[in-house]
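1. Based on what follows, work out the 3D shape:
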Amino acid sequence: MGEFFSNVSRYPKYLITIILGVFAASLQPLIRRGKNPITAIALIGAFISGFLTLTFIVRAMVFPSSFL
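-> As a prediction, this is how the structure comes out:
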């Protein structure tokens, strides 16, 4: 039974490793494209737009009556 809990206790480390690997693999092409100034401005605008969209969606979900 101790081996079972030892094995289960390793899963958070694997989960964090997988999440960091996905972020690194998805950000690496964006960083290479960011060397062109026009593309960098477009990427920054896309990130800001995405962040604002998520903020407004979560705010509308948490405080639904405040937007009326």
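
2. so the residue positioned nearest the centre of the chain, which of the three states?
-> Residue closest to the average C-alpha location in the chain (Cα atoms, centre = their mean): residue 23, at 7.1 Å. At residue 23 the chain is in helix, as set by DSSP: H, G, I helix; E, B strand; the rest coil.

3. Per-residue confidence, it, what does it come out as?
-> Predicted confidence (pLDDT) for residue 23: 89.

4. same check, this time on residue 2
-> 74.

5. count of residues packed around it?
-> A total of 6 residues lie near residue 2 under the criterion other Cβ atoms under 10 Å. Quick note: C-beta positions are derived from backbone N, CA and C, even for glycine.

6. Then residue 34?
-> 15.

7. tell me the contacts of it?
-> 40, 43 (Cβ atoms under 8 Å, 6 or more residues apart in numbering).

8. low-confidence ranges in this protein?
-> 66-68 (pLDDT under 70).

9. check contacts around the residue nearest to the centre of the chain.
-> No contacts exist for residue 23 under Cβ under 8 Å, 6+ apart.

10. Tell me how far it lies from residue 57.
-> Separation of residue 23 from residue 57 (Cβ to Cβ, to the nearest Å) stands at 21 Å.

11. ok, now residue 40?
-> Distance from residue 40 to residue 57, by Cβ to Cβ: 26 Å.

12. Repeat that for residue 6.
-> 40 Å.

13. And the helices in this protein?
-> In the chain, the helices defined using DSSP state H lie at 2-8, 11-33, 37-62.

14. Now residue 34: phi and psi?
-> Dihedral pair for residue 34: phi -70, psi 0, per degrees, to the nearest 10.

15. whoops, residue 10 was the one
-> phi -80, psi -20.

16. Which segments of this protein make up each domain?
-> Domain ranges of the chain: 1-33, 36-68, per automatic domain parsing.

17. what sits against residue 43?
-> Contacts of residue 43 (Cβ under 8 Å, 6+ apart): 30, 33-34.

18. With respect to residue 51, which of those residues is nearest?
-> If you rank the contacts of residue 43 by distance to residue 51 using Cβ to Cβ, residue 30 comes first, at 14.8 Å.

19. All good on my end, thank you.
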